[in-house]
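S.K.: no sequence for this one, just the structure:
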């Protein structure tokens, strides 16, 4: 399993730290530009209906039928992030990425604001958490994809024709790692949005508690 998104987020932490230092001490390297490009990478990995203000001109809407093959009827699983350069939406690295982004926003709020990227980081976090709320909408369950099937598709996401098979994590088919990390992502993100969107923040922490204590483990 690859986790390029997670690696990029860790790189963001380093870039923010260096940007803060060089802002004060001066330097020849443009860490602000590197930080911006790291966040643009995440935006390029977006799945679903893209917003009008998308900064990636060569990307378009994709995977708008995700959730259609759920064995309980249609489940809206549109959104989230693709992993690396393929069309798989890996729940575990995606959740870790969002968790790390959330703590980055909390620890480096002033630095991100100075770089003009704070709102973009908020948008990157909510793009992930919106998806997690959908994936955990049914009580005591969490939907995940099929990496084997999804890896058979080697075209740009906008042109996908292969089936998007789904599996459900529940008390009968548990998945400790993804359930725990998804709960962590929503819990950390709830802190980020506490002073910006209290309704959304409460929604995230309440769902995090349900996923965290549910019988998915």
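M.R.: Happy to help now that I have it. None of the values given here were measured: they were computed from a predicted structure.

S.K.: Please report the distance of residue 196 from residue 189.
M.R.: Counting by CB to CB, to the nearest Å, the gap from residue 196 to residue 189 is 11 Å. Where C-beta positions appear, they are placed from N, C-alpha and C, glycine not excepted.

S.K.: With residue 111 instead?
M.R.: Taking CB to CB, one finds residue 111 at 19 Å from residue 189.

S.K.: who's more crowded, these two?
M.R.: Neighbour tally, residue 111 and residue 189, criterion other CB atoms under 10 Å: the higher count belongs to residue 189, 28 against 20.

S.K.: OK, contacts around that one?
M.R.: Residue 189 is in contact with 98-99, 102, 125-126, 128-129, 204, counting by CB atoms under 8 Å, 6 or more residues apart in numbering.

S.K.: wait, what's in contact with residue 143?
M.R.: Counted by CB under 8 Å, 6+ apart, residue 143 has contacts 67, 70, 75, 77, 135-136, 166-169.

S.K.: So in terms of bridging, what pairs with it?
M.R.: Counting by DSSP bridges, residue 143 is bridged to residue 168.

S.K.: Hmm, residue 196 is touching residue 122, no?
M.R.: Yes. Using CB atoms under 8 Å, residue 196 is in contact with residue 122, at 7.2 Å.

S.K.: out of the two, which sits in the more crowded spot?
M.R.: Using other CB under 10 Å as the criterion, residue 196 and residue 122 rank with residue 122 on top: 19 against 11.

S.K.: element containing the more buried one, please.
M.R.: With elements taken from DSSP states H and E, the one containing residue 122 is helix 118-135.

S.K.: Can you tell me the closest non-neighbouring residue to the residue nearest the centre of the chain?
M.R.: Centroid check for the chain by CA atoms, centre = their mean gives residue 128 as the closest residue, at 3.1 Å. Nearest non-adjacent residue to residue 128, counting by CB to CB, 6 or more residues apart in numbering: residue 98, 3.8 Å away.
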